[in-house]
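A.B. asks: coords please:
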Amino acid sequence: MEQIVSKEEINELMKIKGEISGRIIKAAREYLVKEKGEEGMKKVRDAMTKLGYPINYRKIKSTDYYPLHLTTLTLLISKRLFNFDDKKFQEMGEFESKSSIIIRIFLKYFVSLEKLLKEAPKMWRKYFSIGDLKIVERNQEKNL
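C.D. replies: Residues are numbered from 1 along each chain as shown. Down below sits the predicted model:
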């Protein structure tokens, strides 16, 4: 397999600080298996190993946190291996939100969009150790 990520790109990715919840990584794995099968997931694992960052995605624990730069590398490899575009990554995010028990419970109790918009930034820390979620636009006509 040709190297699909350059050393320079890896060096830049390794500068990314912070951690991500294992539940996000597990959902990404589930999505990749759904879209590309176990063989596709094997290609991602093989590429990660070849680059020097082996990950056993099956041993990821939902309640643990993992380096954000390794998750980013996984997504970059997936993008290049399978020609994923922005729409595919949006689908991946939607898939995760549908499979997340926390999000489903949250939506059950906070059914109005206004409450969701208010509470969503607070939930950010359950998934990421850095950054913030900011709502930049609210379109009441389209209920978005």
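
A.B. asks: Just checking, which helix or strand of the chain averages the lowest pLDDT?
C.D. replies: helix 101-109 (a mean of 56; mean pLDDT, DSSP states H and E).

A.B. asks: give me the element the spatially most central residue of the chain is part of.
C.D. replies: Geometric centre of the chain, nearest residue: residue 24, 5.0 Å, by C-alpha atoms, centre = their mean. Assigned by DSSP states H and E, residue 24 belongs to helix 22-50.

A.B. asks: Which residue ranges of the protein form helices?
C.D. replies: Assigned by DSSP state H, the chain shows helices spanning 7-13, 22-50, 68-82, 86-99, 101-109, 113-123.

A.B. asks: mind checking which of the ones you listed is nearest residue 62?
C.D. replies: helix 22-50 (4.2 Å; C-beta to C-beta). All C-beta atoms are positioned from the backbone trio N, CA, C, and that covers glycine.
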